[in-house]
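Student: sequence plus predicted model, see below.
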Amino acid sequence: MKIAFITDDGKTISRHFGRAPYYLVIELAEGQEINREIRNKLGHQHYVKSEEEPNHSHGSGMDSASHKKHGQMSEAIEDCQVLVCGGMGRGAYQSMQSFGIKPIVTDLVDIDEALQAYIEDKLKDQTEKLH
């Protein structure tokens, strides 16, 4: 199985799904890491040329145009089963679910710590962090 972590630096979990430039993808087999790689991710910066910054006050990204953008953002991790991030909009969360990727929102920052928590089935999905 493969788990994607949203990241700015390959070591820590980004607090914002839409703004992070990378995924760190970790492949597991029988609960052990067998590979990790950094993948580029589309983000808000790729869409702001003709649009305003997203409004996160009432649950962002719930419209069909946003769902399409989330699809483009997820193309790099379509082989992953799980996406771990520090925060995301409700629309992105629902879009990931519709693409067959389980989103998990966490307050953990260190990727290795979150990975271990996931392996031990202790990584809790903190949906109260959705915006």
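Tutor: Here it is on my side, so go on.
Student: give the buried residues for stretch 122-131.
Tutor: 123, 130, 131 (16 or more other CB atoms under 10 Å). Glycine gets a C-beta too; all of them are placed from N, C-alpha and C.
Student: and that stretch, end to end?
Tutor: From its first residue to its last, stretch 122-131 covers 23 Å (CA to CA, to the nearest Å).
Student: how about stretch 25-38?
Tutor: Start and end residues of stretch 25-38 are separated by 6 Å (CA to CA).
Student: relative to the whole chain's centre, how far out is that stretch?
Tutor: In terms of CA atoms, centre = their mean, to the nearest Å, the centre of stretch 25-38 is set 16 Å apart from its chain centre.
Student: show residues contacting that stretch.
Tutor: Contact with stretch 25-38 is made by 1-5, 7, 10, 22-24, 39, 77, 80, 111, 115, 119, as judged by CB atoms under 8 Å, 6 or more residues apart in numbering.
Student: repeat that with 6 Å
Tutor: 1, 2, 3, 4, 10, 22, 24, 39, 119 (CB atoms under 6 Å, 6 or more residues apart in numbering).
Student: got those residues as a markdown table, with pLDDT and secondary structure columns?
Tutor: Output for the contacts of stretch 25-38, formatted as a markdown table (pLDDT from 0 to 100; DSSP: H, G, I helix; E, B strand; the rest coil):
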| residue | pLDDT | secondary structure |
| --- | --- | --- |
| 1 | 96 | coil |
| 2 | 98 | strand |
| 3 | 98 | strand |
| 4 | 98 | strand |
| 10 | 97 | coil |
| 22 | 96 | strand |
| 24 | 98 | strand |
| 39 | 97 | strand |
| 119 | 96 | helix |
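Student: one step back: turn the buried residues of stretch 122-131 into CSV, columns for pLDDT, distance to residue 104 and secondary structure.
Tutor: Putting those into CSV (pLDDT from 0 to 100; distance: CB to CB, whole Å; DSSP: H, G, I helix; E, B strand; the rest coil) gives the following:
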residue, pLDDT, distance to residue 104, secondary structure
123, 98, 6, coil
130, 92, 12, coil
131, 87, 16, coil
